[in-house]
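[1] coordinates only, no sequence provided:
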């Protein structure tokens with residue numbers, strides 16, 4: 001009986017491996033220049049400051065429109081297969097969230113999404129975009145803060161300062 005108790009104590013006292021993230025980068029994404037073997041894009045200009053231009057192209061709610069590609073990438077290890085991270089974006093003002101297929105909300109200051117890490121270790125790349133719109137001078141800066149967690153533990157956080165163009169007149 002003592003041996004069983006000692007084994008149980010040892011089992012529960014061994015620390016579990018927590019997911020480890022390294023080489024985290026967020027910023028402007030290069031989506032057409034494929035430098036990786038798997039052909040994915042990459043974060044070519046790490047930065048918090050995002051200048052929205054009309055030089056990229058994306059599909060939002062089924063419609064092709066000009067946009068600026070951003071995103072993040074990182075290496076990870078010690079994950080369980082199909083680990084799901086819960087992410088929350090907080091914005092300085094409401095923004096319409098969506099994807100290539102649909103509009104997800106009509107203008108919220110927060111957004112939640114889930115990221116799945118397929119393997120126990122690897123590289124994760126997540127492209128995102130801001131559609132091109134002109135704004136007034138008082139709403140030209142949007143602050144976007146994102147935090148991704150596993151359970152109650154923050155795995156990574158990042159921020160974008162999104163600068164929209166302002167017409168001169």
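    Structure received. Given the structure is predicted, the values throughout are model-derived calculations rather than measurements.

[2] okay, now residue 155: neighbour count?
    Neighbours of residue 155 under the rule other Cβ atoms under 10 Å: 23. Using the backbone N, CA and C atoms, a C-beta is placed for each residue, glycine as well.

[3] no, scratch that, I was asking about residue 71
    By other Cβ under 10 Å, neighbour count at residue 71 equals 20.

[4] name the helix or strand for it, please.
    Using DSSP states H and E, residue 71 sits in strand 63-77.

[5] ok, residue 120 next?
    Counting by DSSP H and E, residue 120 is found in no helix or strand.

[6] now it: how far from residue 46?
    Distance of residue 120 to residue 46, computed by Cβ to Cβ, to the nearest Å: 26 Å.

[7] hang on, residue 106 in a helix?
    No - counting by DSSP: H, G, I helix; E, B strand; the rest coil, residue 106 is not found in a helix; it is coil.

[8] look up the closest residue to it, ignoring the ones flanking it.
    Excluding the flanking residues, the one nearest residue 106 by Cβ to Cβ, 6 or more residues apart in numbering is residue 96, at 6.4 Å.

[9] hmm, residue 107 and that neighbour touching each other?
    Yes - between residue 96 and residue 107 there is a contact under Cβ atoms under 8 Å: 5.2 Å.

[10] so where's this structure uncertain?
    Within the chain, the stretches with pLDDT under 70 are 1-17, 36, 169.

[11] just the helices from it, written as ranges.
    Applying DSSP state H to the chain gives helices spanning 2-13.
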